[in-house]
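Participant: What follows is a protein structure lacking sequence information:
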């Protein structure tokens, strides 16, 4: 690239930047793209893998608790601790990796997930299982934060929006295939077999990332001042509050959906797997429907998501009592359809709020998202142990209503920024 072109690119980037802009942005934008759709597919597989690893205990809480001799609330800590560690790991790893090749970093982190799932599979007690889940959180936080902003470096500019949606489809696909498949494997071979299978899949994805991704060095490193500077932008703050309330509300209820369905609808273990599969299929549909709409108006899409999600969550117990498993499953499907759009909708909001700082705002997004998972799962556990299934559902519904108020009253990205970003 000629010196004049470099100067022109720098001037353009500088002119568009606001407070908190990252040194890495200019280098990433100028770097030639490569890898194409196979590389994007590998990133989608990575997001699928980390989310499945994180949420695998959801469909296995009852057998894990029974085998290790702990309550459902204590077993739910396997989700909580993963979210806490991922929330810390996402921004910290983004700062620590500096200019290192993102391909190598992703492969190493996926190897960490492989080892973590193997340790979980052979854990003799809940303490060792929690150590394994700490390692899962470490790998997950790093992979998600890095992968979510790489589409722009892999495909032509006109395909970046579609590629980003595909990367995040791995999150929804984890609900369709990952969590239900884990529940099925758990029923057939025990919960430990599900973790062994997950370890094998993580190893395969690590190889795919190393082979399919091009070298991805970065011209500049993300700095702490750049990350914290983003918090001065009102649309970024609104987006993060929205993520916190919406995700915490969902996971307060969803982490304990198996006990809820067993108690209020009389669901049997085989039916639980089917209901979770229905949730996941609906979520995958919601991901692509919401992704298309969020590119035009993230606020409108998120308003609809929050309203539908709050209604679905709060109505599960009365519907389960009135119409049994079929009625509860129908509402869980609506729940999945709404929640399927949360990741792509909120990420689109934040990318539009900080288009000049993709990796930094992604790190904040992952940190808040996973902190919300941890808080939601923990609060849901306390509600489950103290108030029962009705308390879990009410807590989740109230938090989602709070998210609805945040998106309705908070400042959003400038009109057109979502499409342009």
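Facilitator: Here it is on my side, so go on. Keep in mind that what you see is a predicted model, and the values were worked out from it rather than measured.
Participant: If you count neighbours, what's buried in the one helix or strand residue 349 maps to?
Facilitator: Assigned by DSSP states H and E, residue 349 belongs to helix 342-353. Within helix 342-353, the residues that count as buried by 16 or more other Cβ atoms under 10 Å are 342, 343, 344, 345, 346, 347, 348, 349, 350, 351, 352, 353. To be clear about C-beta, it is placed using only N, CA and C from the backbone, and glycine gets the same treatment.
Participant: quick check, distance from that helix to the centre of its chain.
Facilitator: 12 Å (Cα atoms, centre = their mean, to the nearest Å).
Participant: Over to stretch 182-199?
Facilitator: On Cα atoms, centre = their mean, the centre of stretch 182-199 falls 22 Å from the chain's centre.
Participant: ditto for stretch 319-338
Facilitator: For stretch 319-338, the distance to the chain centre is 23 Å (Cα atoms, centre = their mean).
Participant: which parts of it are buried?
Facilitator: For stretch 319-338, the buried set under the neighbour-count rule, 16+ other Cβ under 10 Å, comprises 319-320, 325, 327-338.
Participant: Surely residue 117 and residue 133 touch.
Facilitator: No: the pair residue 117 / residue 133 is not scored as a contact, 9.7 Å apart, by Cβ atoms under 8 Å.
Participant: least trustworthy position among the buried residues of stretch 319-338, going by pLDDT?
Facilitator: pLDDT across the buried residues of stretch 319-338 is lowest for residue 320, at 75.
Participant: Look up how far residue 178 lies from that one.
Facilitator: Remark: distance between residue 320 and residue 178 (Cβ to Cβ, to the nearest Å) = 24 Å.
Participant: now residue 55
Facilitator: 7 Å.
Participant: of those two, who's got more company?
Facilitator: With neighbours defined as other Cβ atoms under 10 Å, residue 55 and residue 178 compare such that residue 178 has more, 27 against 22.
Participant: Read off the pLDDT value for the nearest residue in space to the more buried one that is not next to it in sequence.
Facilitator: Using Cβ to Cβ, 6 or more residues apart in numbering and skipping residues adjacent in sequence, the residue nearest residue 178 is residue 52, 2.9 Å away. pLDDT for residue 52: 90.
Participant: which residues does residue 191 contact?
Facilitator: By Cβ atoms under 8 Å, 6 or more residues apart in numbering, residue 191 lies in contact with 60, 63, 64, 67.
Participant: hang on, I meant residue 36
Facilitator: Taking Cβ under 8 Å, 6+ apart as the criterion, residue 36 is in contact with 154, 155.
Participant: Apply 10 Å and report the result again.
Facilitator: 154, 155, 156, 159, 163, 212, 214 (Cβ atoms under 10 Å, 6 or more residues apart in numbering).
Participant: quick revisit: give the other helices and strands that the helix holding residue 349 contacts.
Facilitator: Here helix 342-353 touches helix 160-173, helix 234-254, helix 269-294, helix 298-339, helix 358-386, helix 389-409, helix 417-420, going by 3 or more Cβ pairs under 10 Å, 6 or more residues apart in numbering; DSSP states H and E.
Participant: which of the buried residues of stretch 319-338 sit farthest apart?
Facilitator: Farthest-apart pair in the buried residues of stretch 319-338 is 325 and 338; separation 20.4 Å (Cβ to Cβ).
Participant: From residue 143, how far out is residue 205?
Facilitator: 9 Å.
Participant: Compare these two and say which is more crowded by neighbours.
Facilitator: Legend: neighbour count by other Cβ under 10 Å for residue 205 and residue 143, higher for residue 143 (32 against 26).
Participant: Can you give me the separation between that one and residue 364?
Facilitator: Separation of residue 143 from residue 364 (Cβ to Cβ): 16 Å.
Participant: Need the residues touching each of residue 205 and residue 143.
Facilitator: Residues touching both residue 205 and residue 143 (Cβ under 10 Å, 6+ apart) are 43, 46, 47, 49, 50, 106, 107, 110, 113.
Participant: Pretty sure the first one sits against residue 167.
Facilitator: Yes: the pair formed by residue 43 and residue 167 meets the contact definition of Cβ atoms under 10 Å, at 4.8 Å.
Participant: In the stretch 1-150 of the chain, where is pLDDT below threshold?
Facilitator: By pLDDT under 70, the low-scoring segments of the stretch 1-150 of the chain are 1-34.
Participant: With the stretch 151-300 of the chain instead?
Facilitator: Looking at the stretch 151-300 of the chain by pLDDT under 70, you get 161, 175-176, 218-227.
Participant: mind redoing it with 90?
Facilitator: The stretch 151-300 of the chain contains residues with pLDDT under 90 at 151-191, 214-234, 251-298.
Participant: Would you mark the buried spots in stretch 257-272?
Facilitator: Within stretch 257-272, the residues that qualify as buried are 257, 258, 259, 260, 261, 262, 263, 264, 265, 267, 271, 272, counting by 16+ other Cβ under 10 Å.
Participant: Next: stretch 399-413.
Facilitator: When neighbours are counted by 16+ other Cβ under 10 Å, the buried residues of stretch 399-413 are found to be 399, 400, 401, 402, 403, 404, 406, 407, 410, 412, 413.
Participant: how distant is that stretch from the center of its chain?
Facilitator: For stretch 399-413 - counting by Cα atoms, centre = their mean - the centre lies 19 Å from the chain centre.
Participant: Quick check: mean pLDDT of that stretch?
Facilitator: For stretch 399-413, the mean pLDDT works out to 89.
Participant: Start at 15, not 1
Facilitator: I'll keep to 15 as the first residue from here, and by that count the last item is stretch 413-427.
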